[in-house]
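Visitor: this is a predicted model, with the sequence first.
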Amino acid sequence: MGKYLLRRILQMIPVVLGTTLLVYALVFALPGDPVKAMFGDKPINAAVAAQIRAEYNLDKPFIIQYLLFLKNALTLNFGNTFSGQPVIDEIGQAFPVTIKLALMAFVFEAIFGVIFGIISGLKKGKWYDSVILIVSLLLISVPTFVTGFLAQYFIGVKWRLLPVTAGSDPGFLDLLMPAMVLGSVSMAYIIRLTRSEVSSNIAEDYVRTARAKGMSNGSVIMRHVLRNSLIPVVTYLGQDLGALMSGAMISETIFNVHGIGFLTYQSILKGESNMVVSIVTLLTLIFVVCNLAVDMLYAALDPRIRYA
Amino acid sequence: MKKKGLALAAVVCSAAMLLSACGGSGSSSSSSSNGGKNVISLFDTEPQNPLIPGNTNETGGGMVLRGLFSQLVRFDNKGNPVNDQAQSIKPNADGTQYTIKLKSGLKFSDGTPIKAENFTKAWSYVANAKNAQKCSSFFSTIKGYDDLQKADGLKGDEQLSGLKVVDDTTFTVDLKSPDATFPIKVGYSGFAPLPASFYKDTKAFGNAPVGNGPYKFDSWKHNTEIKVVKNPNYKGDDKPQNDGVTFKIYTKMDAAYADVQAGNLDALNSVPQADLKTFQKDSSLQAYNKPGSSIQQFTIPANLAHFQAGTEEGTLRRQAISMSIDRKGIVNKVLNGIGEPAHEFTAPVIPGYSATLKGNENLSYNPSKAKELWQKADAISKDTDQLTIAYNSDGDAKPVFDAIVNSINNALGSQVAATNPMPTFQEFRDAISNRKVKGAFRSGWMPDYPSAENYLVQNFASSAADGQGSNDGDYKNPKFDAIMDQAYAAKSVDEANKLYQQGQEILLNDLPAIPLYYRANDGVAAKGVKGFAIDWQTYPTFVQMHK
């Protein structure tokens, strides 16, 4: 187990190096010149532009820029934004907000997804099964920004039930609507996943055996059906926590949540490679760690799986 | 299990409802805790630079600086300059030297007095290339500017030789050549004075500036909001009607629009594309829609084959293209009437604007005349190339340029023009400044200060061509340049404006760029907010706003 964990952690190093290089190259390859763009359509003072380029190493060849970035990153210095703020500070401010939002969305989709999935899986063909299926199909097929705008208009502007946007220092209620919108698509997937797993497991031999042995309906479902049905759901949820953080961009812009997605969007527009690469590296790390956690959870859920 | 499951679902649902019910009251309590009743909240974008006037050339930071700093002059709602920090700005006989007297008793928000030196040092700092300030080129007409442009040999504290302090409240400015617009230019935000504390730690200052404007800096939570409060040391006439302003940072206007509808935000100084059709009928907010100061046009480079500026064929073709565009139809149908067809090269809110200049019939829709001119040009030399018009497709230019191309092709022939979209503004500007665009390209102008000079000289004078300014089409006409020089030497702003109109008549004939329309100043404010308007800079008039 310990050895396995160590190996997995060592594997992260090439993954992180690879992504930073790739992302740095992509931002570098973006057409246009961020320094020229700073002047908009106003006259560019060549001397000033040269000074700015030198300050941000933009006058150096790509590979030197990348190595300089790596060298500084090792000492936890991720550089400054064009407005002179340390990248690490801006991420430090935005990240907790996104974590809050992603966790809320995660809890929302896990609880509602599993509950509705079980209800619908246990009673296939009932009217509420059909309703759940149709609603989940709708959530999957309608893009998040449509769900987001509709929720914002009706729940926020028209009925005034929840805050329209999150604004600064968002609390639980400020983030509730963005979290529900963010988690809605995954929730629909989880409903469908749980439903099909539950309904197929319920017909398994071991369930029949358990019932034949005289176990109560409740413990058959809890111990045998659910435990086996949840393995794919947990896999999905684990992957999704990472995806929720990076996928928060759309709901963060709709609801003006000042998180990582918001920051990434602004930084890409301004061509701030330091910021974009730092954020992507962080997200990569989260993805890798989440996957590791999922793999560990398998062992807990399925005694047949053991790590050496 | 069946019952249990349903019961659990019911409990969770009712909990969610309870929470959402709390949400209603929660949001209203948070909006009142916004600090006092008379604090105005505004849409803004994260400043792209530290909050230093000389280093800010975009609206995100510019809007905040409008409240934090006052210049020698400010502009009234009609765009005319009035003295603010200055007691008087007097030129010498030939307009090459200005003597500036400050009002007495002026103070920065930290209580330190404002002296002539605070202006001269600040201007030199911005002009000095070593300090990499984005507004540096605004000082290029002052003597000594060229000496401060070789960054390698400079320390950053060298002064402009053209600025001389006479006494605590007086200084003189020597210009390279006469400039009648200088007293207007000094109203631009880059000309603000800076306190001594700025030079000790410019970085700290950029995060928490000390200014001399109607407001005092309070706090800046990056990417979230900037707060300013009334400046007790401000003694000028630009007195705030509220206790403070909160600039809320958004990336998308749509979110801000929804906030205004719900009463969570007091004003948004633009209207998202999706709401242009409905915002004036929306009863949940107050709408604003008046002619603005920004002009949209497209530039045809002066040396483009068959369109060479100043040649008979080129002029005929330029006029034909211009007359084949149905500006009114485009404004009404594509822009939902939010705008005004262009009649000249400045804008309706700029002093000296005229809708009756000689030659402006070249800007009105006349497809039959256009066809006739085009055929005349064809008789000189047959044009087989298509005229492409480039624009950046990350804004909302696409529908407009599609309509323009359709209008041209309907009038002149199906293959005359085509659009050339480029994915991002960055890429688009890069191609233009490297002169890589083959064909015409979208160009717009938003003035830095309300003067015809800022539109005409920056966009069309030879001195601004070849990368020296914003004359990206490299139009060069000595006759036009001569009139601009005369206007610089004019004795009064009125006299200068007459000359600018003469200059425009040349442009209306040569059409170095094809003026299209003036984007309206449109915006929305929450109900119950008083004094809301949008000024010539497209900022909300937040100093006058109150609840």
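Guide: Structure received.

Visitor: report the distance from stretch B:200-210 to the chain centre.
Guide: 25 Å (Cα atoms, centre = their mean, to the nearest Å).

Visitor: may I see the buried residues of it?
Guide: Under the neighbour-count criterion of 16 or more other Cβ atoms under 10 Å in any protein chain shown, stretch B:200-210 has B:202, B:205, B:206, B:207, B:209, B:210 buried. All C-beta atoms are positioned from the backbone trio N, CA, C, and that covers glycine.

Visitor: in contact with the first one, which residues?
Guide: Contacts for residue B:202 were tallied using Cβ atoms under 8 Å, 6 or more residues apart in numbering or on different chains; they are B:50, B:52.

Visitor: at 10 Å instead, please
Guide: A:84, B:50, B:52, B:55, B:125, B:131, B:156, B:194 (Cβ atoms under 10 Å, 6 or more residues apart in numbering or on different chains).

Visitor: which of the residues you listed tops the neighbour count?
Guide: Greatest neighbour count in these, by other Cβ atoms under 10 Å in any protein chain shown, goes to residue B:52: 29 neighbours.

Visitor: tell me, how many residues neighbour the residue in chain A positioned nearest to chain B?
Guide: Residue of chain A nearest chain B, by Cβ to the nearest Cβ: residue A:32 (2.9 Å). By the criterion of other Cβ under 10 Å, residue A:32 has 19 neighbours.

Visitor: Three-state assignment for residue 134, please.
Guide: In the absence of a named chain, chain A is used. helix (DSSP: H, G, I helix; E, B strand; the rest coil).

Visitor: look at chain B instead
Guide: coil.

Visitor: I'd say it and residue A:48 touch.
Guide: Yes: using Cβ atoms under 10 Å, residue B:134 is in contact with residue A:48, at 6.5 Å.

Visitor: list residues touching both of those two?
Guide: A:38, A:39, B:55, B:126.

Visitor: just the residues you listed now: which is nearest residue B:404?
Guide: Closest to residue B:404 out of the shared contacts of residue B:134 and residue A:48 is residue A:39 (26.4 Å), distances taken as Cβ to Cβ.

Visitor: how many other residues sit next to that closest one?
Guide: A count of nearby residues for residue A:39, using other Cβ under 10 Å, gives 22.

Visitor: phi, psi for it please.
Guide: phi -90, psi 0 (degrees, to the nearest 10).

Visitor: what is the burial count for residue 184?
Guide: Reading this off chain A. Burial of residue A:184 is recorded as 25 neighbouring residues (other Cβ under 10 Å).

Visitor: was after chain B, sorry
Guide: Close neighbours of residue B:184, defined as other Cβ under 10 Å, add up to 25.

Visitor: pretty sure it is touching residue B:449, no?
Guide: Yes: Residue B:184 is in contact with residue B:449 according to Cβ under 10 Å; the separation is 5.3 Å.

Visitor: shared neighbours, those two?
Guide: Residues touching both residue B:184 and residue B:449 (Cβ under 10 Å, 6+ apart) are B:73, B:75, B:79, B:81.

Visitor: those in strands, which ones?
Guide: B:73, B:75, B:81 (DSSP state E).

Visitor: which one of those residues is nearest to residue B:531?
Guide: Among those, residue B:75 lies closest to residue B:531 (Cβ to Cβ), at 17.0 Å.

Visitor: residues in a beta bridge with the closest one, which ones?
Guide: On the basis of DSSP bridges, residue B:75 is bridged to residue B:81.

Visitor: residue B:351 versus that one, what's the distance?
Guide: 10 Å (Cβ to Cβ, to the nearest Å).

Visitor: same deal with residue A:208?
Guide: Counting by Cβ to Cβ, the gap from residue A:208 to residue B:351 is 90 Å.

Visitor: ok, those two, which is more surrounded?
Guide: residue B:351 (19 against 12).
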